[in-house]
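Have a look at this fold, sequence not included:
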């Protein structure tokens, strides 16, 4: 099996470190490069261009937007789909304003400040003071850098609402979401699951948006179950 992992916004491949061995045990693994394009459609096109044939795809947060766009562009090439900490909706007006403020901070030369300011939102409230998680978050974001972050922000703001395609997705699909996600509410995952006939829904207790690192054992189990269903 070929498996493509699509990182979240502002995240290097380190995002998948807790589950990479689990994924690798099921087949060939590729981590998509989302640093160079400023639209979600172009990121999806790059994945399809660089990965021949059929593959399973897992996307987290922004990576979930990209994974859904891959399915929209080439549904016949996706053998299984996992959507983690994500939503099929486009940004709200409030989210667009927040992203604009974040981008302005980075454009003014305060990338490190943006990284630290974003951390509380990506973990469950109980994990805000976890210094090991903060160190991992900083290490994960550093290789992305300000230029790629700004491109990713433009891509996310302009993305399409893809709820209309959800009922047509029939490959083995897993929706995985942290119960304490404060960045993308659990309701978004519930909405996606309800619209997809082949979807299974796993809630990771005690985890926020950063669930792979907050609850790695539960995350590994969920990913392993998904890949077993696709074999």
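Great, that's in hand. Values in this document were obtained by computation on a predicted structure and should not be read as measured data.

what does stretch 102-121 rub up against?
10, 128, 133-134, 137-138, 141-142, 145-146, 149-150, 153, 182-183, 209 (CB atoms under 8 Å, 6 or more residues apart in numbering). All C-beta atoms are positioned from the backbone trio N, CA, C, and that covers glycine.

do that again at 10 Å, thanks
By CB atoms under 10 Å, 6 or more residues apart in numbering, the surrounding residues in contact with stretch 102-121 are 9-10, 98, 101, 127-130, 133-134, 137-138, 140-142, 144-147, 149-150, 152-154, 157, 181-183, 208-210.

In helices, which of those fall?
98, 101, 133-134, 137-138, 140-141, 145-147, 149-150, 152-154, 157 (DSSP state H).

Need the buried ones from the residues you listed selected in ChimeraX.
Burial among those is assessed by 16 or more other CB atoms under 10 Å; the matching ChimeraX selection reads:
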select :133,134,137,140,141,146,149,150,152,153,154,157
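
could you pull out the helices for this protein?
Using DSSP H, helices in the chain cover 20-24, 40-50, 62-73, 93-107, 111-122, 131-141, 145-157, 186-195, 211-214, 216-230.

Could you list every helix and strand that the first one packs against?
What that stands for is helix 20-24. The contact analysis (3 or more CB pairs under 10 Å, 6 or more residues apart in numbering; DSSP states H and E) places helix 20-24 against strand 2-6, strand 28-31, helix 216-230.

buried set for that helix?
Neighbour-count burial for helix 20-24 flags 20, 22-23 (criterion: 16+ other CB under 10 Å).

Likewise for stretch 157-170?
For stretch 157-170, by 16+ other CB under 10 Å, it's 157, 159-160, 162, 165-166, 169.

now the nearest residue to residue 74 once chain neighbours are set aside: how far from residue 165?
Of all residues not flanking residue 74 in the chain, residue 48 sits nearest, at 5.5 Å (CB to CB, 6 or more residues apart in numbering). Taking CB to CB, to the nearest Å as the measure, residue 48 falls 16 Å from residue 165.

Ok, residue 203 next?
Distance from residue 203 to residue 165, by CB to CB: 24 Å.

now residue 29
Distance from residue 29 to residue 165, by CB to CB: 26 Å.

Which pLDDT value goes with the residue sitting nearest the centre point of the chain?
The centroid of the chain falls nearest to residue 60 when counting by CA atoms, centre = their mean (1.4 Å). With respect to pLDDT, residue 60 scores 98.

close enough to count as contact, it and residue 84?
Yes. In this structure, residue 60 is within contact of residue 84 by CB atoms under 10 Å, at 4.2 Å.
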